[in-house]
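Let's see this in three dimensions:
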Amino acid sequence: MPPTSSLRALQVKVPRRIAGRRFASHGPPQFNEPSGLLFGEKPPAPGQKRVKEEWENIWYLLYYKPDTSIQTWALREAKERMEARGEKYKYEPSS
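I've put the predicted structure just below:
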């Protein structure tokens, strides 16, 4: 193994002021200042409704659709039948 003094001579010294700035020629990072408003939109005047943008309805259809799974239906149906018979559908320990 070579002595450590020769290894130190091979290391390249980078000045601290250059090493700390890596902006890839785009300048310092920029961002929108927080305004405290939801999505940066000002609330509508009293008595007016917010106008949706074209893409918003698509997102609602894709992500906020009703739960139509068979498990949900079966659970709801079982609860209704047990309530009709007068039984409790929620387990409560007897102690």
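
hey, where'd the helices end up in the protein?
Along the chain, the stretches classed as helices by DSSP state H are 4-10, 16-19, 56-63, 70-85.

Where among the ones you listed is average confidence lowest?
With a mean of 54, helix 16-19 has the lowest mean pLDDT of those.

now Arg50, nearest residue through space, not along the chain?
Pro44 (5.3 Å; CB to CB, 6 or more residues apart in numbering). All C-beta spots, glycine's among them, are computed from the backbone N, C-alpha and C.

Go ahead and confirm that neighbour touches Lys52.
No. Contact between Pro44 and Lys52 fails when scored by CB atoms under 8 Å: they sit 11.8 Å apart.

Can you give me every residue that contacts Ala78?
Ala78 makes contact with Tyr89, according to CB atoms under 8 Å, 6 or more residues apart in numbering.

OK, contacts around Leu62?
Per CB under 8 Å, 6+ apart, neighbours of Leu62: none.

do you know how far it is from Met82?
35 Å (CB to CB, to the nearest Å).

same deal with Lys90?
Lys90 sits at a distance of 10 Å from Met82 (criterion: CB to CB).
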